[in-house]
Structure formats: C-alpha cells, structure tokens
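[1] quick one, fold the following:
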Amino acid sequence: MKVTLVNVRTMTRNVAPLGILYIAAVLEADGVEVKVIDPRPRIEEGYDYVGEILRTEPHIVGFTLLSNQVKKALPIIHELKRRRPNVKVIVGGPHATFMYEQLLAEPIDVAVIGEGELTSRELVRALMGGKPLKAVKGIAYKGKSGKIVRTEDRGFIENLDDLPLPARHLVDMSFYAKRSVNIRGLYKKTLSIMTSRGCPGECIFCASPIMWRRQVRYRSPKNVLDEMEMLYNKYNLEGFTILDDTFALNGRHVHEICEGMRKRGIDVIWNCQGRVNTATRAMLGDMVKAGCVQIEYGVESGSQRILDIAKKQVTVKQIEDAFRMSKEFPIRRFANFIVGFPSETREDIELTRKLAARIGADHYEFFVLTPYPGTEILDIAIKNGYRPQYQNILWEHGHRGKAQAYWESEFSREQIIRIRDELQSQFRSKFVLRYATNPYVIADFLGEMLEPGFYADAMKIRSGEDFVYFVVDRISR
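    Just a heads-up that it's a prediction; the model follows:
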C-alpha cells in the first residue's frame, strides 16, 4: 500500500509541515510506503500537484488542512478524483475536525477528526485490509447510502514520547534548514520543534480549547533534547522555533529542557510563545541562559472589558507586569494584538493604543479578529446574523497591510482594516533595519536581484518598510 501526503502550500515561510511528517513517521513505522508532496515556494506557482501525486502511484492520498488551505486544496482533490476515481482521499487537520460535513460533500472519502497519528495508522490498516471503517475511531465518512457516518471519538495520545520523530527525510531539508527569518528580526539557520500539545486557555478566537479540550500534554525533556541534539548536529543549526501554543507555561518542564540544552552543549538561539499570567522570573532566567532571545505574548487588547469578552483570563495589570518583568532580561518582547472584537468601541481601541505605548514591546503585530472554524467567535458571529459560505470564502489572511475582515460589529469591515493598519503603522517593528543591515540578507538579496520578475514585483512596493519585508519574503523562498 502506497500513501502520499500533500502539503498544499499557502505561505512562503520555510517551516516544515510537522503535522504531516509526524503522520508519515507513524505510517512508515507501520511498514507503509510513504511519499510527501511538498513544493518549494519558489516553484509552487503553477505547480502540477495532481501530476506529482500521480507519479507516486498512490493508493491513498492524504491532505492536512488548515482553513487557509481549503480553497486551494479542493480543486486539486477534484482533479485527482476525476483522473483516479479509485484513489482514496483522506483529509485531516483542524479544518477537517470542525468542518467534516462540508468537506465530505466534496469528492473526499474520509475525514480524520482530532489528533491524527494513531487514527491515520488504524485507518490505513483498515483500507489495506478491506475492513469496515465503522470500527476506526475518530473519523467521518460517507456510508453506502451517502449519509455521513461519524465514528466514536478517539482519546488523545497519552504519551507523546511514543510517537516517532517527524519524518523530515521525506521533504527537502536543504530548504527548511537554510537561513530564514523564522525568528523574526534575525536571519539564522533554524528548524521548528514541538515540545507539547494543547493550551489551558479558552480564548474565543482560538480553536485550541475545542481541539485540545484545554489539556496540555508534554513530551519528556529527554525526548525533546534528543531531537534537538540530533537536529543541531545534523544540520549545523543556529536556532530553533518552538511551535507550542504556550511553551512558557510549566516551570519544571521549561527548566529541565533549558538545563538539558546547557548540559548537552546545544548552543543555539530560540524563540517561543508565553502567557502573561504564567511567565515568571525564574522561568525567563532559565530560558535566557539556554539561548532564548525572544518571547511572544498574546496581549490582544488594552481594554479589560474586551479581554473578558475574549476570555483571555488575564488582566491589563498582568500584561503590564509581564512586560515590565521581561525587560529585566536580555530577551526581546513581542506583543500580539487583535482588533474587531464584538462590541469593541473606539474607546476600547484607544485603550489598546495606550497600553501598546506603555508596555514598550520590541515588536508589535496587530491582527483582525477572524471567525475560524472551531472557534467560539464563529458561533457568536452566526448567532448575530453572520452566515459564512465556506466554499466561497477565501480563508487566506495576508500580512503587511493585506489583512481581511470577516466580522462586522461596531465598525464596518473597511473601518476595522483601517484601524488595524493605523495601529500597525504607529507601532511598526523597531528592528526592520536588522534585516537591511544583515550581511547574509544583503548577500542573498544581491543574488535575488538576478531572478526573473524581481524588478516588476519591486516596482509595486510603496514604502521602505514594505520593501524590506518584500526582500525578506523573496530570499526566504
């Protein structure tokens, strides 16, 4: 049995698709022949996904879908099924978990719901052996009558150490391990890694509370350190990006990983995310000693009323205290905000503006609230008369002035975008010049100038900051 897994690329950042690679590793360990379709961004435009899939001669094709990949993936799936009707198409990931009914209206055979590794293994075994799918936990599929059948939910993987390491050998690691801007503001050879799954928060704009049921499961520090050490030595890395929803959460877990990095001589820089109400001085001290150079906090708003509506479970004072405490360490502080919450007023926006000025972050990002599938805000939106047509919505969100608004409350969509852009402009990155003066960036940029289409694209840029980001985007491909 041959299985082909597809990464439908919607971004240019060179972050390896760990979800697909974990599933690939589990299937390989079960004796399945696995291929991964993962085009580089530079060749992705006009890429013949279906042709490349068919060249692997698969029996099963799997797609892991975030919401921003659906619009691009569906035409590929339609064409694949037109040309090879007998190929089984499986979809998984967050969008499939919450929107399996809509997806199964398409030429898709099975949707994997929730955590995918063990379910995928059991599903492939069933398909290989011609066994009934109803015995496979954690899936939905179309029965003989065309009616959708959802099987019993599958529990979470109890011990994440039981999973094999991601099958990185199935993708082009020369792309993923090259210098990049994955640690924002820097240009280093980094790879991404996951040390835990889940988050205790219940934020209304995040799918994690439903996807992971507010449970946090950890890989053991030894398991994490073994992977870090292997990647560090094999790819001569300069850094790691820790992809956990919230790494700075469990002091003991953080301490043991940081202490292990020092003892093993894993001499890298790295970044992570944290919550303002869980980071401590002891934790930040451990992180800095182990090479952490930046932490991202989800601030969201300067209005306590909006923070409560968002179910952030934090106070404005805790936000201020966390940034004040973090300034005691040589670590860059990132503040992420969201605008466009239901009932948000100009007074609330002004409170956000004032808080952003007070905390003195090293970098700010302002996002537009988006009712993604699996989030409580989507339910709120629907109750208030918003009826999303998923097959017509482009679930793609740009950046650097390309954000979109799908929620309309006190402000029109145009006003929300304008507010976001004004805030982003006022608190723009303080380290854009880090890119412009980095010798490695300059060297790669000079080579990029020789590439076709560079000058035509460059002429569309309207500001110096946008030009720097344009350069960074080009050299990251």
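[2] strands along the stretch 151-300 of the chain, start to end?
    Using DSSP state E, counting those that start in this stretch, the strands of the stretch 151-300 of the chain run over 179-180, 188-193, 196-197, 217-218, 239-242, 269-274, 292-300.
[3] out of those, nearest to Val61?
    strand 188-193 (24.5 Å; C-beta to C-beta). All C-beta atoms are positioned from the backbone trio N, CA, C, and that covers glycine.
[4] just how off-centre is the closest one within its chain?
    In terms of C-alpha atoms, centre = their mean, to the nearest Å, the centre of strand 188-193 is set 14 Å apart from its chain centre.
[5] and the angle from that strand to strand 269-274?
    For strand 188-193 against strand 269-274, the angle by axes from the mean of the first three to the mean of the last three C-alpha atoms, to 10 degrees is 40 degrees.
[6] count of neighbours near Arg346?
    Using other C-beta atoms under 10 Å, Arg346 is surrounded by 11 other residues.
[7] swap that for Ser412, please
    So Ser412, with other C-beta under 10 Å, has 11 neighbours.
[8] gap between it and Tyr440?
    43 Å (C-beta to C-beta, to the nearest Å).
[9] which residue lies farthest from the center of the chain?
    Outermost residue of the chain with respect to the C-alpha centroid, by C-alpha atoms, centre = their mean, is Ser145; its distance is 36.7 Å.
[10] for it, which residues are in contact?
    By C-beta atoms under 8 Å, 6 or more residues apart in numbering, Ser145 lies in contact with nothing.
[11] cool, Arg214 as well?
    Gly198, Cys199, Pro200, Gly201, Glu202, Ser208.
[12] can you give me the distance of the fifth one to Phe334?
    As for Glu202, its distance to Phe334 is 22 Å (criterion: C-beta to C-beta).
[13] who has more neighbours out of those two?
    Neighbour totals were compared for Glu202 and Phe334, and Phe334 leads with 21 against 15 (other C-beta under 10 Å).
[14] send me the helix or strand hosting Tyr440 as CSV with only the CA atoms.
    Using DSSP states H and E, Tyr440 sits in helix 439-448. Output of helix 439-448 as CSV, limited to C-alpha atoms (Å, rounded to 0.1, in the frame of the first residue of the first chain):
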residue,chain,number,x,y,z
PRO,A,439,25.3,40.8,5.6
TYR,A,440,23.7,37.4,4.9
VAL,A,441,20.5,39.1,3.9
ILE,A,442,22.4,41.5,1.7
ALA,A,443,24.3,38.7,0.0
ASP,A,444,21.1,36.7,-0.7
PHE,A,445,19.3,39.8,-1.8
LEU,A,446,22.0,40.5,-4.5
GLY,A,447,21.5,37.1,-5.8
GLU,A,448,17.7,37.5,-5.8
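[15] burial count for Asp109?
    18.
[16] ok, now Arg197?
    20.
[17] so what's it bridging to?
    Beta-bridge pairing of Arg197 under DSSP bridges involves Arg217.
[18] and it, what does it touch?
    Glu115, Phe156, Leu160, Trp212, Val216, Arg217, Asp244, Asp245.
[19] so among these, where is pLDDT lowest?
    Checked by pLDDT, those have Trp212 as the lowest-scoring entry (91).
[20] just the pLDDT for the nearest residue to that residue once chain neighbours are set aside.
    Leaving aside its chain neighbours, Trp212 sits nearest to Gly198 (3.6 Å; criterion: C-beta to C-beta, 6 or more residues apart in numbering). Gly198 is assigned a pLDDT of 95 by the prediction.
[21] quick one, phi psi at Gly198?
    Note on Gly198: its backbone torsions stand at phi 100, psi 170 [degrees, to the nearest 10].
[22] dump the residue contacts of it.
    Ser208, Trp212, Arg213, Arg214, Gln215, Val216, Arg217, Asp245.
[23] quick revisit: buried subset of the contacts of Arg197, written for PyMOL?
    This is the PyMOL syntax for the buried subset of the contacts of Arg197, where burial follows 16 or more other C-beta atoms under 10 Å:
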select buried, resi 115+160+212+216+244+245
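[24] list the buried residues of stretch 104-121.
    Neighbour-count burial for stretch 104-121 [16+ other C-beta under 10 Å]: 104, 108-121.
[25] ok but the residue farthest from the centre of the chain is inside a helix, no?
    No: if the criterion is DSSP: H, G, I helix; E, B strand; the rest coil, then Ser145 is coil and not within a helix.
[26] now it: how far from Ala335?
    Distance from Ser145 to Ala335, by C-beta to C-beta: 53 Å.
[27] cool, and Ala279?
    Distance from Ala279 to Ala335, by C-beta to C-beta: 13 Å.
[28] shared neighbours of those two, which are they?
    By C-beta under 8 Å, 6+ apart, the residues touching both Ala279 and Ala335 are Tyr297.
[29] can you list the domains in the protein?
    According to automatic domain parsing, the chain comprises the domains 2-150, 177-430, 436-475.
[30] where are the low-confidence patches of the protein?
    The model of the chain has pLDDT under 70 over residues 12, 42-44, 385-408, 429-437, 441, 445, 448, 450-455, 457-477.
[31] at 50 what do you get?
    Counting by pLDDT under 50, the ranges of the chain that qualify are 388-401.
[32] state the distance from the residue nearest to the spatial centre of it to Asn182.
    In the chain, the C-alpha nearest the mean C-alpha coordinate belongs to Leu243, at 7.7 Å (C-alpha atoms, centre = their mean). Separation of Leu243 from Asn182 (C-beta to C-beta) stands at 10 Å.
[33] shared neighbours, the two?
    Common neighbours of Leu243 and Asn182 (C-beta under 8 Å, 6+ apart) are Val15, Ser192.
[34] on that earlier part again, could you dump the strands of the stretch 151-300 of the chain to CSV with distance to Gln313?
    Rendered in CSV, the data for these read as follows (distance: least, C-beta to C-beta, whole Å):
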stretch, distance to Gln313
strand 179-180, 33
strand 188-193, 27
strand 196-197, 18
strand 217-218, 20
strand 239-242, 22
strand 269-274, 14
strand 292-300, 11
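[35] mind checking which of these is nearest Cys258?
    strand 292-300 (7.8 Å).
[36] and the helix or strand just after the closest one, what does it pack against?
    Using DSSP H and E, the next helix or strand after strand 292-300 towards the C-terminus is helix 304-309. Here helix 304-309 touches helix 346-359, going by 3 or more C-beta pairs under 8 Å, 6 or more residues apart in numbering; DSSP states H and E.
[37] following the helix it packs on, which helix or strand comes up?
    Downstream of helix 346-359 (by DSSP H and E), the next one is strand 363-368.
[38] only C-alpha atoms, please: export that following strand in CSV.
    The C-alpha trace of strand 363-368 is given here as CSV (Å, rounded to 0.1, in the frame of the first residue of the first chain):
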residue,chain,number,x,y,z
HIS,A,363,7.8,44.4,18.2
TYR,A,364,4.1,44.6,17.7
GLU,A,365,1.7,42.7,15.4
PHE,A,366,-2.0,43.8,15.1
PHE,A,367,-4.4,41.2,13.6
VAL,A,368,-8.0,41.3,12.6
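[39] adjust the sequence numbering to begin at 7 for everything that follows.
    Sure, I'll start numbering at 7, so the last one becomes strand 369-374.
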